[in-house]
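# compute the structure for the input listed below.
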Amino acid sequence: MHPYKFIEKLIVLQHPDTKHIVRLMIEHDGQQNYGLQRSILNNGTTRHFYNKKIWHSAYNIKLELSRRVSDYEDKGFDMMTEISLRPNDVPPCPEFNYSTSMIEPDENTLPINPTEMPIFVDCSFHQLSVRDLRYNTEVTNEELLTFFKDLRKSIEFLPFAMVAIWSEKSIKVLSLEFRSKPQPKHAINYILMLSSKKNSHFMIVDATGPGSNQQSQESNQSYAVLAGGNLTFHVASTWKIAKAFLEKHPHSANFSVYGMDSDKFMKVGEDISLGNFKRSGNAEILFTHVNSQIANITFIRSLEFDVTIDNLNNLI
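All right, here's what the predicted structure looks like:
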């Protein structure tokens, strides 16, 4: 599939009797490559048809669009609107990080659990991408992907980009941007309405509005802050960030965690699943304690082999 960046022109046609809606769109990659895409709305369900053909002339693609419009008009459709759009690049994934620092007084915050997954959803006419912002990798959870695939089949306004936090049963939406016109009048309400019609394992939560401010924050609560292209998990005082050595078990995908004590490696945890970490090595980890034992270990990032591993006192 060609990596188009934006929709240049959009034409909407509607049949006066059946009320079926057809949208024809010229996509553009910012250079000299154009695609002509089509979506059809019948009885509340939108179907998207991806056209792989690439045109290299703005003149030829507009001729093809005019021909398609004439074909639908011959079938009884009326043109409802014709919109030319300015180039609108796909917004970049926000940078993600964990922090133990104080939150600025004027920042809006959302209470979260640090083990939840921050995601970036890029839903366009011809593709769906759900990325784990912690590691900038594609999410593979089938239930979550199926949820967005089903949502995409019903949605009338594409493309859109979403920043959200995914927990076991909820998707908390921090930002939602539709990048073409027409657009839903209230974007988040439109997504909430569509998701409520699905018999889904997940619930969409509107977190796009103002959150709590610093004065109402609790020290034992972690918060998410989305600002200036950065998504930060400000973890509660009960959580720590440390440098540790992770040793992969030879016969399983689990790890043991080591800190230093008098220049010797001392084990502080074992049989731990770390998701995206696949081999032994130094790493930065996030963790807390349960019953005086290290718990809820989350891999943050790999470190060079010559970094100094934290003293055992920082891990227990």
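# so which elements touch the worst-scoring helix or strand of the chain on mean pLDDT?
The helix or strand of the chain with the lowest confidence, counting by mean pLDDT, DSSP states H and E, is strand 78-84 at a mean of 79. Where contact means 3 or more CB pairs under 8 Å, 6 or more residues apart in numbering; DSSP states H and E, strand 78-84 is packed against strand 6-14. Using the backbone N, CA and C atoms, a C-beta is placed for each residue, glycine as well.
# any idea of the mean pLDDT in the strand it packs on?
For strand 6-14, the per-residue pLDDT values average out at 84.
# for stretch 95-109, same thing?
For stretch 95-109, the per-residue pLDDT averages 83.
# can you say which helix or strand has Ile188 in it?
Applying DSSP states H and E as the criterion places Ile188 in helix 187-196.
# sheet-wise, list the partners of the helix or strand following that helix with their directions.
As assigned by DSSP H and E, the chain's next helix or strand after helix 187-196 is strand 203-206. Paired with strand 203-206 in the same sheet, following DSSP bridges, are strand 170-178 (parallel).
# now the partner strand: buried residues?
Residues of strand 170-178 classed as buried by neighbour count (16 or more other CB atoms under 10 Å): 171-176, 178.
# what comes into contact with the least confident helix or strand of the chain?
8-16, 21, 69, 73, 181-182 (CB atoms under 8 Å, 6 or more residues apart in numbering).
# what do you get for stretch 285-299?
With CB under 8 Å, 6+ apart as the criterion, stretch 285-299 contacts 98, 114-115, 235, 238-244, 246, 257, 268-269, 272, 274-277, 283, 300, 315-316.
# just the buried subset of those, please.
Buried, going by 16+ other CB under 10 Å: 98, 114, 235, 239-244, 246, 257, 268-269, 272, 274, 277, 283, 300, 315, out of the contacts of stretch 285-299.
# Ala161: how many residues sit nearby?
By the criterion of other CB atoms under 10 Å, Ala161 has 19 neighbours.
# wait, what's in contact with it?
90-91, 120-123, 175-177, 179.
# out of these, which are buried?
Here, 16+ other CB under 10 Å leaves 90, 120-123, 175-176, 179 buried among those.
# looking at those residues, which are in strands?
When these are checked against strands (DSSP state E), the matches are 120-123, 175-176.
# where does the prediction get shaky in the stretch 151-300 of the chain?
Residue ranges of the stretch 151-300 of the chain with pLDDT under 70: 180-182, 199, 211-218.
# no wait, the stretch 1-150 of the chain
1, 5, 84-91, 105-106, 126.
# count the neighbours of Ile112 for me.
Ile112: 20 neighbours (other CB under 10 Å).
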